[in-house]
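1. no sequence on this one, just coordinates:
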């Protein structure tokens, strides 16, 4: 089962790689243009404009809108429109979310740029296609993706995308994933013309921290409430200590083993429930260890922890009420 799922998602990832590797279109560049007043002043506008382009490209990929420059000129060729049904959009949402987090998750301005793309920029994109009279379905990932399916996608894709990302950052291939983009990132994010790698590595933890919630923003769901589905999805994608691909892989194996029926088939409902419980249990356990939570939050964490362990709360005897 895992091999079939991996093959399916890897095929979608191979498509997205091709979209990210080419030089991009004038159309996408224009929507991200610094002259539109989207970005703050100083040295940042040009760089945030560059980061905006691959993020918007992923949005186009999810909806199957392919734009490109003509190889013989500086102009764009007419866009092509792929047929993307709900099943295909679901796969593209999963792969796009994992790729976004793995390729761009350590960029210090990721969350800011996602906010612009998901708001003003996508509004302009939709208005643009409406004015052109094009019947384009803009697929939204909200409602298609949840914490369970993200766990599956991350466990199956993260290592592959991570290795690919590391290779591209060392090369001059594909400026939107390669050394050109990341060379500028190091300068802008450290405010240093030639920062040592040790400084960049030390600051990455801060940048990832500042990007918390970016997954939920990209998916169009709220994550303000730590108990929400959006908060869980962001935590799964953005916290590799709690949710490393190896831990997720083990969780998936356990869930699959527990979902096998007497007829040696997979009970899908049981599998999904088992994975979801595993994710929530991990969050609850880590939450109990987090001394930064205030007292009320920690009580909520404790309650969740007890519920998942199926244990009584302190001071509650068998048959007594919790009120």
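-> Here it is on my side, so go on. Fair warning: this is a prediction, and the values are worked out from it, not measured in the lab.

2. C-alpha only now, for contacts and for neighbours.
-> Fine.

3. Show me the strands in this protein, by range?
-> Secondary structure of the chain (DSSP state E): strands located at 65-69, 76-81.

4. I'd like to know which of the ones you listed is closest to residue 91.
-> The closest of the strands of the chain to residue 91 is strand 65-69. By Cα to Cα, the value is 15.7 Å.

5. can you give me the helices for the stretch 1-150 of the chain?
-> With DSSP state H, counting those that start in this stretch, the ranges of helices along the stretch 1-150 of the chain come out as 2-21, 26-31, 44-63, 86-104, 110-116, 122-131, 147-169.

6. if we can go back for a sec, so can I have a markdown table of the strands of the chain showing distance to residue 240 and mean neighbour count?
-> As requested, the strands of the chain are exported to a markdown table (distance: least, Cα to Cα, whole Å; neighbours: other Cα atoms under 10 Å):
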| stretch | distance to residue 240 | mean neighbour count |
| --- | --- | --- |
| strand 65-69 | 32 | 19 |
| strand 76-81 | 36 | 14 |
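
7. quick one on the thing from earlier: of the helices of the stretch 1-150 of the chain, which approaches residue 218 most closely?
-> That would be helix 110-116 among these, by Cα to Cα, at 6.3 Å.

8. other SSEs contacting that closest one?
-> Helices and strands in packing contact with helix 110-116 are listed as helix 44-63, helix 214-219; criterion 3 or more Cα pairs under 8 Å, 6 or more residues apart in numbering; DSSP states H and E.

9. Quickly compare those and say which is most buried.
-> Most buried of those, by mean neighbour count (mean count of other Cα atoms under 10 Å): helix 214-219, with a mean of 25.

10. Which neighbouring elements make contact with that one?
-> Packing contacts for helix 214-219, counted by 3+ Cα pairs under 8 Å, 6+ apart, involve helix 86-104, helix 110-116, helix 229-238.

11. Can you tell me how far the residue nearest to residue 214 when sequence neighbours are not counted is from residue 211?
-> Once flanking residues are discounted, residue 214 sits nearest to residue 111: 5.1 Å by Cα to Cα, 6 or more residues apart in numbering. Distance from residue 111 to residue 211, counting by Cα to Cα, to the nearest Å: 5 Å.
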